[in-house]
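> Fold the stuff below for me.
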Amino acid sequence: MIVTDVDTKPYYQRSKARKCYIYSKASWNNIKEEISLTSTNIRQMQDRGINAQEMSDTFKKELFQSMDKHIPSKEIRSKNNLPWINHKIRKLFKKKQRLYQQAKRTKKWTNYRQFQKEVKRQVMKAEYSYINDTILKGLETNNTKPFWKYIKSRKTDNIGVSPSKNKGKLVSDSK
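Numbers count the residues shown, from 1 in each chain. Have a look, this model is predicted:
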């Protein structure tokens, strides 16, 4: 019997940016003209006996081309940042990175290690104050949702193979 313990860290894949059209700034007259031309084109395709799949693909292609041409768009990403990481803390991260590069070059690690501890302290302080503010705001308005949301996010379930027992004793090796 082989027993293993694995300590893994998940790889978080960044979500890709998606295109979002700004319909309020669209040029609807131009779109209507192009769609009417597409409509007559599809009727001609039907008269020639072209199958429905090709007509559908043509309509879809021309519609999206018209949308890209006449409707402005922007790229939208989902927000993966932690809410307590503000501009001040980002500046501290950049300074820590500069000190790391300098320490690597000069082999003097004391400044870097001291600053690393300070950055860690600031991040923890910001996280605790964010959590406390969020929970207190919820409790002041008689809303328990932020509290339970925080509790749920901190809950961890132990997933994996539990240690084996042989005759009532824990077995940690294969012998």
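> what stretches of the protein score poorly on pLDDT?
Along the chain, segments meeting pLDDT under 70 span 12, 78-80, 156-163, 172-175.
> where do the helices sit along it?
28-47, 52-70, 87-106, 110-140, 145-154 (DSSP state H).
> and residue 31, what does it touch?
66-67, 70-71 (CB atoms under 8 Å, 6 or more residues apart in numbering). (Glycine included, C-beta is placed from N, CA and C.)
> ok, it to residue 55 distance?
19 Å (CB to CB, to the nearest Å).
> likewise residue 119?
61 Å.
> How many neighbouring residues does residue 83 have?
11 (other CB atoms under 10 Å).
> Residue 9 versus that one, what's the distance?
Taking CB to CB, one finds residue 83 at 22 Å from residue 9.
> ditto for residue 152
21 Å.
> And residue 171, by the same measure?
Distance from residue 171 to residue 9, by CB to CB: 27 Å.
> Which one's more surrounded, these two?
Higher neighbour count among residue 171 and residue 9: residue 171, with 13 against 5, using other CB under 10 Å.
> Wait, the more buried one touches residue 3, no?
Yes - at 6.9 Å, residue 171 counts as touching residue 3 under the criterion of CB atoms under 8 Å.
> Enumerate every residue touching the residue nearest to residue 20 when sequence neighbours are not counted.
Distances taken as CB to CB, 6 or more residues apart in numbering place residue 76 nearest to residue 20, at 4.7 Å, with adjacent residues excluded. Residues near residue 76 by CB under 8 Å, 6+ apart: 17-20.
> from those, which single one is nearest residue 40?
Set against residue 40, the nearest of the contacts of residue 76 by CB to CB is residue 19 (28.3 Å).
> so what's the closest one up against?
Residues near residue 19 by CB under 8 Å, 6+ apart: 73-76.
> For residue 72, see how far away it is.
Distance from residue 19 to residue 72, by CB to CB: 11 Å.
> And for residue 93?
Applying CB to CB to residue 93 and residue 72 gives a distance of 34 Å.
> Residue 166 bridge partners, please.
Going by DSSP bridges, residue 166 is paired in beta bridges with residue 169.
> related to what we said a few turns ago, same list as before, the contacts of residue 31 that is, but in TSV and with distance to residue 131 included.
What follows is the contacts of residue 31, written out as TSV (distance: CB to CB, whole Å):
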residue	distance to residue 131
66	48
67	43
70	47
71	41
